[in-house]
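K.L.:
Sequence first, predicted coordinates after that:
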Amino acid sequence: MTPLLDLDELARLLGRSPHTIKRDLRRNPDAVPPRLQLRGTRLLRWRETDVDTWLAAHTAPKDDGGVRNG
């Protein structure tokens with residue numbers, strides 16, 4: 001089973017505050033990784049693998065400043 005992240009862990013990983021993530025969930029859900037909906041609870045949880053996939057799709061490669069090798 002893949003580990004689950006809570007709001008504080010996700011915030012640390014993304015470099016955002018928990019408040020900002022909660023706000024984005026309401027206003028701009030595409031600005032945060034897809035969350036799990038745990039039946040019967042209001043817990044905010046994210047699968048670590050889903051977060052990794054989301055980050056890969058929503059981040060640009062680091063610019064090397066135009067320097068080319070070779």
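P.N.:
Yes, it's here.
K.L.:
how about the strands in the chain?
P.N.:
Shown for the chain, the strands assigned by DSSP state E span residues 4-5, 46-47.
K.L.:
List the residues that contact the closest residue to K22 other than its chain neighbours.
P.N.:
Computed as CB to CB, 6 or more residues apart in numbering, the closest residue to K22 that is not its neighbour in sequence is L7, at 7.3 Å. For every residue, glycine as well, the C-beta is placed using N, CA and C. Contact analysis of L7 by CB atoms under 8 Å, 6 or more residues apart in numbering lists P18, I21, K22, L44.
K.L.:
what do you get for R16?
P.N.:
By CB under 8 Å, 6+ apart, no residues touch R16.
K.L.:
what bits of this structure have low per-residue confidence?
P.N.:
Low-confidence segments of the chain (pLDDT under 70): 62-70.
K.L.:
Grab the most central residue of it for me.
P.N.:
Geometric centre of the chain, nearest residue: P33, 4.1 Å, by CA atoms, centre = their mean.
K.L.:
Could you dump the strands of the chain into JSON lines with distance to P61 and mean neighbour count added?
P.N.:
Shown next, in JSON lines, are the strands of the chain (distance: least, CB to CB, whole Å; neighbours: other CB atoms under 10 Å):
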{"stretch": "strand 4-5", "distance to P61": "24", "mean neighbour count": "18"}
{"stretch": "strand 46-47", "distance to P61": "23", "mean neighbour count": "20"}
